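Colleague: Predicted model and sequence follow; I will ask about them next.
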Amino acid sequence: MLHLILGGAGSGKSTKLTECIAQDVQNNKKAWLIIPEQQANLSERTMLPKLPTTAGLTFSITGFSRLCDQVTARFGGQPITPLQGG
């Protein structure tokens, strides 16, 4: 199921998100956090220490591009050659 957590700065989005993911991890449910690539490393560094140590078994943080690569690798599809600048 897809859950969107929306709110302004300081409204508790990160806290709520961490609580939801921790609950899924404790219930052995698969959870994905899909975020822009620019935020992936920051989110991993700030969120993972707050989650149970077993989070790596059922929880993944991924960017949109990596998610597309994972879907293509799992379900097939034609690889696309990136455009070269010029």
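Modeller: Sure thing, it's come through. Numbering: from 1, shown residues only.

Colleague: Extract the residue ranges of the protein that are flagged as low pLDDT.
Modeller: Residues of the chain that meet the criterion pLDDT under 70 lie in 40, 78-80, 86.

Colleague: quick one: the strands in it?
Modeller: Secondary structure of the chain by DSSP state E: the strands cover 31-35, 59-63.

Colleague: okay if I get the ones you listed as CSV plus mean neighbour count and distance to residue 4?
Modeller: Where C-beta positions appear, they are placed from N, C-alpha and C, glycine not excepted. Shown next, in CSV, are the strands of the chain (neighbours: other Cβ atoms under 10 Å; distance: least, Cβ to Cβ, whole Å):
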stretch, mean neighbour count, distance to residue 4
strand 31-35, 16, 11
strand 59-63, 17, 17
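
Colleague: could I get those as a markdown table with distance to residue 44?
Modeller: Output for the strands of the chain, formatted as a markdown table (distance: least, Cβ to Cβ, whole Å):
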| stretch | distance to residue 44 |
| --- | --- |
| strand 31-35 | 9 |
| strand 59-63 | 5 |
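
Colleague: of the ones you listed, which approaches residue 45 most closely?
Modeller: strand 59-63 (10.3 Å; Cβ to Cβ).

Colleague: dump the residue contacts of the residue most central in space within the chain.
Modeller: Closest residue to the average C-alpha location of the chain: residue 33 at 2.2 Å, with Cα atoms, centre = their mean. Residue 33 is in contact with 17, 21, 43, 47, 59, 60, 61, 62, counting by Cβ atoms under 8 Å, 6 or more residues apart in numbering.

Colleague: on that earlier part again, who wins for proximity to residue 11 among the strands of the chain?
Modeller: Nearest of those (Cβ to Cβ): strand 31-35, 17.2 Å.

Colleague: where along this structure do the helices fall?
Modeller: Here the chain has its helices, by DSSP state H, at 13-26, 37-47, 55-58, 64-75.

Colleague: Could you list the buried residues of the third one?
Modeller: Put plainly, it is helix 55-58. Neighbour counts over helix 55-58 (16 or more other Cβ atoms under 10 Å) mark 55, 58 as buried.

Colleague: For it, which outside residues touch it?
Modeller: For helix 55-58, contacts defined as Cβ under 8 Å, 6+ apart pick out 21, 22, 24, 25, 28, 29, 30, 31, 48.
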